[in-house]
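> generate a structure from the sequence data that follows.
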Amino acid sequence: MTWQDIAWLRRIWDGKLYIKGVLEPDDARDAVDVGDRTEILLDGGVRSGVDVLKAVALGARGVLIGRPWVWAVAGAGQQGLMELLETFQRELRTAMALTGVSRIADVGPELIDA
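Alright, predicted model coming up:
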């Protein structure tokens, strides 16, 4: 897959287009150049609500939690998944409270200690 392939796909598909595996700054710039409706989703390494807060603070619109939910379901089925999501929510609320933020919309880069 090349950036020209993605540009072609964007021309024929007006729906949401997810580009996975963007790891380098140059690739991120090229991905943004494909369209003007860019949203960032962090995919990889999200293991807690604190990770969610960090991702949003750094500009992500959301996160994907592939491994944690698979592990939760494998270990305890639907109940395990429900507990995982409740834990993420609790950790996120706690992290927000500790940083003085009450709304996710107010989370920004100033929360990250560079």
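
> and the residue nearest the centre of this protein?
Central residue of the chain (CA atoms, centre = their mean): Val63, 2.2 Å from the mean position.

> can you confirm that one is in a strand?
Yes. With DSSP: H, G, I helix; E, B strand; the rest coil as the criterion, Val63 is assigned to a strand.

> could you verify my assumption that it touches Lys54?
No. Val63 sits out of contact with Lys54 when judged by CB atoms under 8 Å, with a separation of 9.5 Å. Heads up, the C-betas are built off the backbone N, CA and C, glycines and all.

> quick one: pLDDT of Gly35?
With respect to pLDDT, Gly35 has a value of 69.

> please disregard the earlier target; I meant Ile12.
At Ile12, pLDDT is 95.

> how about Thr2?
pLDDT at Thr2 comes out at 90.

> tally up the residues packed near it, please.
8 (other CB atoms under 10 Å).

> next secondary structure after the host helix or strand of Gln4?
Gln4 belongs to helix 3-12 when assigned by DSSP states H and E. Next along the chain after helix 3-12, taking DSSP H and E as the criterion, comes helix 25-33.

> partners of whichever helix or strand comes after that next one in the sheet?
Of the helices and strands lying after helix 25-33 in sequence (DSSP H and E), the nearest is strand 41-43. According to DSSP bridges, strand 41-43 forms sheet pairs with strand 62-64 (parallel).

> pull the residues that contact the partner strand.
Strand 62-64 has contacts (CB atoms under 8 Å, 6 or more residues apart in numbering) with Glu39, Leu41, Leu42, Asp43, Gly44, Val46, Asp51, Val52, Ala55, Val56.
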